[in-house]
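Peer 1: Compute the structure for the input listed below.
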Amino acid sequence: MPSRGEYTQIPVELGERGYPVIIGTRVLGELGDLLRERQIMGKIAVVSTPRVLELYGEAVKEALRDWEPGVHILAIEEGEEAKNLETVAALYDRLLERAFERSSTIIALGGGMIGDTAGFAAATLFRGVDFVQVPTTILAQVDAAIGGKVGVNHPLGKNLVGAIYQPRLVLADISTLRTLPGREVRSGLAEIIKYGVIRDRALFEFVEGKLDGLLDCEPEALTRTVAGCCRIKAEIVREDEREITGLRAILNYGHTIGHAVESLSGYGRFRHGEAVTIGMLAAGELGMEYAGFPEQERDRFTRLILKAGFPTDLDGLDDQAIIDRTYSDKKVVDGQVRYVLPERLGTVRLVSDVSEASVRRALAYVRSLS
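Peer 2: Predicted structure coming up:
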């Protein structure tokens, strides 16, 4: 087990709601000590999926073996199809049956779906109980676990029911990424690429040079990219926690069309990162028209996406249906869809006057890549 100095702590500075993001290898065993440092002492529920519990349930139990108030392991179904109010209601029942109270804590062990669902339950049970994120996917470690966005899907769109409710701690163990299926690794890589486009050109260039290593889950490459993304996310959340200034909205790059594609395909055909990649490709094309994104940079981005093996096949999805679904997006303001569009690699802007004809041309560009 590494010493405390061998892993990175990135603060999310939000005053009394602030918390650390701990990033390292083989650090699950530190969970109990880290909770005590944060003065989290009550009864604990570890919410996860059967597959993740099979991999890491024993390690978490061992880390909390002397937790006197008691530890309860609660498994829920995995997948976006289970990220709904019915699952949250069932969680309420199970927690109340175990005499949970205001001093209790919910730990989300797993990917973004678990963090969002368990986090929404934590935000709303007794008007809020302590919440800890232990993300085990790349996507969750670099994005979903940080910033306090929790919630569930609605038939009309993704994450339409939710809250901003900050965790007390995020513990990202890079070792857990070694067990991810290749498709899940690729899905997480989409979020890393997103950070490179919206905020950090050097990160984008690092991914270009280390793509094979990242896809193979090399610890050194992953640790560097996860830490880099977490720093960016922490900075953005500190400056615009509740999306008031518009800065935090840049994190939605690729998500407007991506969420529409995900929703229309029933949350089963595409992984979240795959759908976001489709949205990023479309946003790159729109960026050329509305934000001056250079064609050579659009092509450079597209080459990276294709080299990484992301799907671009939109067969069976109607352009107008995708456009119509974007109007259900959380980012619609005064009836206009706000798109995050690249100006250069590393810089983006918010644009609200994108025409439907332009979106159709952007979707045609994505289809041309298949």
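
Peer 1: can you give me the helices in the stretch 51-200 of the chain?
Peer 2: Ranges of helices within the stretch 51-200 of the chain are 85-97, 112-124, 138-139, 182-198, based on DSSP state H, counting those that start in this stretch.

Peer 1: Deepest-packed of these, please.
Peer 2: Most buried of the helices of the stretch 51-200 of the chain by mean neighbour count (mean count of other C-beta atoms under 10 Å) is helix 138-139; its value is a mean of 28. No exception for glycine: its C-beta is placed from N, CA and C like everyone else's.

Peer 1: Confidence-wise, which helix or strand of the protein is lowest on average?
Peer 2: Counting by mean pLDDT, DSSP states H and E, the chain has its least confident helix or strand at strand 157-164, which shows a mean of 91.

Peer 1: Provide the contact partners of that one at residue level.
Peer 2: When contacts are defined by C-beta atoms under 8 Å, 6 or more residues apart in numbering, strand 157-164 is touched by residues 80, 85, 116, 120, 123-124, 147-154, 241-242, 259-260, 262-263, 267, 325, 328-330.

Peer 1: So which bits of that strand are buried?
Peer 2: 157-160, 162, 164 (16 or more other C-beta atoms under 10 Å).

Peer 1: Quick one: those residues as JSON lines, columns for distance to residue 26 too.
Peer 2: Below are the buried residues of strand 157-164 laid out as JSON lines (distance: C-beta to C-beta, whole Å):
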{"residue": "157", "distance to residue 26": "38"}
{"residue": "158", "distance to residue 26": "33"}
{"residue": "159", "distance to residue 26": "32"}
{"residue": "160", "distance to residue 26": "38"}
{"residue": "162", "distance to residue 26": "32"}
{"residue": "164", "distance to residue 26": "31"}
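
Peer 1: So which of these is the closest to residue 100?
Peer 2: Using C-beta to C-beta, residue 162 is the member of the buried residues of strand 157-164 that sits closest to residue 100, with 20.9 Å.

Peer 1: any idea how far residue 79 is from the closest one?
Peer 2: Residue 162 sits 18 Å away from residue 79, going by C-beta to C-beta, to the nearest Å.

Peer 1: any low-confidence regions in the stretch 201-350 of the chain?
Peer 2: Judged by pLDDT under 70, the stretch 201-350 of the chain has its weakly predicted residues at 330.

Peer 1: Try it again at 80.
Peer 2: The stretch 201-350 of the chain contains residues with pLDDT under 80 at 329-334.

Peer 1: in it, which spans are strands?
Peer 2: Counting by DSSP state E, counting those that start in this stretch, the stretch 201-350 of the chain has these strands, from start to end: 339-344, 347-351.

Peer 1: residues in contact with stretch 89-105?
Peer 2: 35, 40-45, 47, 72, 74, 76, 106, 117-118, 121, 125-126, 129-132, 168.

Peer 1: 6 Å instead?
Peer 2: Taking C-beta atoms under 6 Å, 6 or more residues apart in numbering as the criterion, the residues outside stretch 89-105 that touch it are 40, 42-45, 72, 74, 121, 126, 129-130.

Peer 1: Can you tell me which of those has the most neighbours?
Peer 2: Neighbour counts for these (other C-beta atoms under 10 Å) peak at residue 121, which has 27 neighbours.

Peer 1: so what's that one scoring on pLDDT?
Peer 2: Listed pLDDT for residue 121 reads 98.

Peer 1: rewinding a little: winner for burial among the strands of the stretch 201-350 of the chain?
Peer 2: Per residue and on average, the most neighbours among the strands of the stretch 201-350 of the chain fall to strand 339-344, with a mean of 23 (mean count of other C-beta under 10 Å).
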